[in-house]
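Student: Show me the folded form of this:
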Amino acid sequence: MKDKPKRRVPRSVREREIVDAAVHVFSQRGYRAAVVDEIAELAGISKPMVYLYFTSKEGLFVACVRREARRLAETFREAAQRAGGSPELRLWAGLSAFFAFVAERRDSWVVLHRQAPEQSEAIAAELAEARRTVMAEVTALVASGISDSDGGDHLGEFEAEFVAHALVGAADAVTDWMERHPDSPPDGASLRLMNMVWIGMRDVLAGGTWAPQAP
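Tutor: The predicted structure follows:
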């Protein structure tokens, strides 16, 4: 009796399986130490097939950065949209989803945050585009908070962009803090960050400012 022919795996499924394996191996080994043979074995395919789909090890890493960055941006956006309500509630929901992503998809975050900045121009370009996408989402929420407030007439797009950059930079740094405090839940990190940033923002919207006093 002849063996049944193997079922053909759709290209999209095969690509997902390869990228899944690659994200794990890159996060564990680092880009330079990772070898395509291990990725192929984990994905259950041959090494030549990896090159057939992604051309090179760099091309595969770029695909990993592109997919995980898209997932992160979508996670933030969808959580904020589901929250509805005020801009600050949407921002809190987005931050909570962001920190949950970091906690639950550690391999993805290691590839995006720890390794990608140190690689080639192609990889750096993918990471920069991902950061711009997230920054645009946060800037829009901050700008919405300013426009919805009673005292935001003196603030504009420049200030919204500044706050968004500060917030995203702080969120990046907090992920390192979360690694040192694994028992701290993602919601706790987002709540602490909102208390540090948004309360100050409310004071500014109300007209409060700070300046160093002359000695």
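Student: switch to C-alpha atoms for all contacts and neighbour counts from now on
Tutor: OK.
Student: which residue is nearest the middle of this structure?
Tutor: residue 72 (4.1 Å; C-alpha atoms, centre = their mean).
Student: Run through the residues that contact that one.
Tutor: Taking C-alpha atoms under 8 Å, 6 or more residues apart in numbering, we find residue 72 in contact with 98, 101.
Student: do residue 197 as well
Tutor: Neighbours of residue 197 in contact, by C-alpha under 8 Å, 6+ apart: residue 167.
Student: got a pLDDT number for it?
Tutor: You'll see residue 197 listed with a pLDDT of 79.
Student: for the one 4 residues further on, same thing?
Tutor: The model reports residue 201 with a pLDDT of 72.
Student: Just the C-alpha atoms of the helix or strand containing it, please, in CSV.
Tutor: Using DSSP states H and E, residue 201 sits in helix 186-205. Taking Å, rounded to 0.1, in the frame of the first residue of the first chain, the C-alpha atoms of helix 186-205 are listed here in CSV:
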residue,chain,number,x,y,z
PRO,A,186,1.5,44.6,33.9
ASP,A,187,-1.4,46.6,35.1
GLY,A,188,0.7,47.8,38.0
ALA,A,189,3.4,49.1,35.7
SER,A,190,0.9,50.9,33.6
LEU,A,191,-0.8,52.4,36.6
ARG,A,192,2.5,53.7,38.1
LEU,A,193,3.5,55.2,34.7
MET,A,194,0.1,56.9,34.4
ASN,A,195,0.4,58.3,37.9
MET,A,196,3.9,59.7,37.1
VAL,A,197,3.0,61.2,33.7
TRP,A,198,-0.7,61.9,33.4
ILE,A,199,-1.1,63.6,36.8
GLY,A,200,1.6,66.0,35.8
MET,A,201,-0.1,66.5,32.4
ARG,A,202,-3.4,67.4,34.1
ASP,A,203,-1.6,70.1,36.1
VAL,A,204,-0.2,71.5,32.9
LEU,A,205,-3.6,71.4,31.2
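Student: in that helix, what's buried?
Tutor: 186, 187, 189, 190, 191, 193, 194, 198, 201, 202, 204, 205 (16 or more other C-alpha atoms under 10 Å).
Student: Tell me where the model's unsure across this structure.
Tutor: 1-7, 116-119, 149-155, 205-207 (pLDDT under 70).
Student: Quick one: residues in contact with the helix or strand containing residue 108.
Tutor: Assigned by DSSP H and E, residue 108 belongs to helix 106-109. Contacts to helix 106-109, defined as C-alpha under 8 Å, 6+ apart, come from residues 23, 24, 27, 28, 68, 102.
Student: next one: stretch 182-193
Tutor: 92, 95, 96, 97, 99, 100, 103, 170, 171, 174, 178.
Student: out of these, who's nearest residue 34?
Tutor: Nearest to residue 34, judged by C-alpha to C-alpha, of the contacts of stretch 182-193 is residue 103 at 22.9 Å.
Student: Give me the nearest residue to the closest one, chain neighbours excluded.
Tutor: Nearest non-adjacent residue to residue 103, counting by C-alpha to C-alpha, 6 or more residues apart in numbering: residue 186, 7.1 Å away.
Student: I'd say residue 36 and residue 47 touch.
Tutor: Yes. At 6.5 Å, residue 36 and residue 47 qualify as touching, with contact defined as C-alpha atoms under 8 Å.
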